[in-house]
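**Student:** Fold the following.
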Amino acid sequence: MAKGFTSTYLLLMILAGVGSRLVETYGPLTLIPMMIAFFTINHVFHHYYENLQRLQQKVEEVKSFNHNFLTAMAASIDARDHYTSGHSQRVAHWGKEIAKEIGLPADKVEEVYVGGILHDIGKIGIADEILNKKGKLTPEEYDTIKQHTVIGYEIILQAGMFHELLPAIRSHHERMDGRGYPDGLMGDEIPLIARILAISDSFDAMVADRPYRKGLPVEEALQEIRRGAGTQFDPELASHFVAIVERLPREELQCIIGQELNPKKQLQEANS
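**Tutor:** Okay, here's the model as predicted:
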């Protein structure tokens, strides 16, 4: 109680002080009502802490449900685009690494990770013939693809959950120079979570194989990140990301790039 409920602890101290004065003034018989009061308080607090533990258990159950929901959601997003399987998990992974690198607290690291899982949710609303087109998109088709940020934003907004992730979903294609979409935000107008995911999203898109091109080597992709620092990407975050990738063992890096990551495991890591 002293650790979590200081005011309650002080109240009991006062009660003890009053009791000692009563015993001193009126004798030991005053201990009887004091003991009754003490055991009543003990019972009330015991019941309170039991309810608190049950509430915490319910919170953990809800979190577990959310994690399972996100796992299914990530799979459904990537299933729409046959050529980017695992993309959402990898974007979430790199975003989490950047968030940890810059010292964000654990709850914010998890937000970044979940934002990466859901960042492309709006692609659910894009027609298959455009989303899975084998070849370069026409300007009109590219404009349609760009709508996935707004579609995803509206889906989460109407769902009434994960509102803290709305900036990640809507703004991960914004650019520092204001030439991004959908709102043309510039610099610090772009939410931090979106600036983080913009880098991880672009990196995974560059190194991943597509039906119409081979993925870039990691070194070339990192050079593109450096080149885009200050115009497309937040320069400080870009520097951190390059450092993260460069210090990874080559085998581990290729494993991350070439395989799907387990979203449930990654969510648990983000919480740890």
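**Student:** Please enumerate the helices of the stretch 1-150 of the chain.
**Tutor:** For the stretch 1-150 of the chain, helices defined by DSSP state H, counting those that start in this stretch occupy the ranges 6-26, 31-80, 87-101, 106-118, 128-131, 139-146, 148-159.
**Student:** can you pull the buried residues of the first one?
**Tutor:** Applying a neighbour-count criterion of 16 or more other C-beta atoms under 10 Å, one finds 19, 22 buried in helix 6-26. All C-beta spots, glycine's among them, are computed from the backbone N, C-alpha and C.
**Student:** now it and helix 31-80, what's the angle there?
**Tutor:** In terms of direction (axes from the mean of the first three to the mean of the last three C-alpha atoms, to 10 degrees), helix 6-26 departs from helix 31-80 by 170 degrees.
**Student:** Same question for the fourth one.
**Tutor:** Here the directions of helix 106-118 and helix 31-80 differ by 30 degrees (the same axes, to 10 degrees).
**Student:** Report the distance from helix 106-118 to the chain centre.
**Tutor:** 1 Å (C-alpha atoms, centre = their mean, to the nearest Å).
**Student:** what packs against that helix?
**Tutor:** If you count contacts as 3 or more C-beta pairs under 8 Å, 6 or more residues apart in numbering; DSSP states H and E, helix 106-118 packs onto helix 31-80, helix 87-101, helix 166-171, helix 192-207, helix 263-271.
**Student:** so can I have CSV of these showing distance to Ile14, mean pLDDT and mean neighbour count?
**Tutor:** As requested, these are arranged in CSV below (distance: least, C-beta to C-beta, whole Å; pLDDT from 0 to 100; neighbours: other C-beta atoms under 10 Å):
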stretch, distance to Ile14, mean pLDDT, mean neighbour count
helix 31-80, 12, 74, 13
helix 87-101, 45, 94, 25
helix 166-171, 48, 96, 24
helix 192-207, 46, 96, 24
helix 263-271, 39, 50, 18
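**Student:** Can you tell me which of those helices is nearest to Ala238?
**Tutor:** Closest approach to Ala238 among the helices and strands packed on helix 106-118 (C-beta to C-beta): helix 192-207, 6.0 Å.
**Student:** Tell me which of the helices of the stretch 1-150 of the chain lies nearest to Leu237.
**Tutor:** Of all the helices of the stretch 1-150 of the chain, helix 87-101 comes closest under C-beta to C-beta, at 6.1 Å.
**Student:** elements contacting that closest one?
**Tutor:** In this structure, helix 87-101 packs against helix 31-80, helix 106-118, helix 192-207, helix 235-246, helix 250-258, helix 263-271, with contacts taken as 3+ C-beta pairs under 8 Å, 6+ apart.
**Student:** mind redoing it with 6 Å?
**Tutor:** The helices and strands touching helix 87-101, judged by 3 or more C-beta pairs under 6 Å, 6 or more residues apart in numbering; DSSP states H and E, are helix 31-80, helix 106-118, helix 192-207, helix 235-246, helix 263-271.
**Student:** ok so, going back, tell me which of the helices of the stretch 1-150 of the chain approaches Asp201 most closely.
**Tutor:** Taking C-beta to C-beta as the criterion, helix 87-101 is the member of the helices of the stretch 1-150 of the chain that comes nearest to Asp201, at 5.0 Å.
**Student:** Could you check the angle that closest one makes with helix 250-258?
**Tutor:** 130 degrees.
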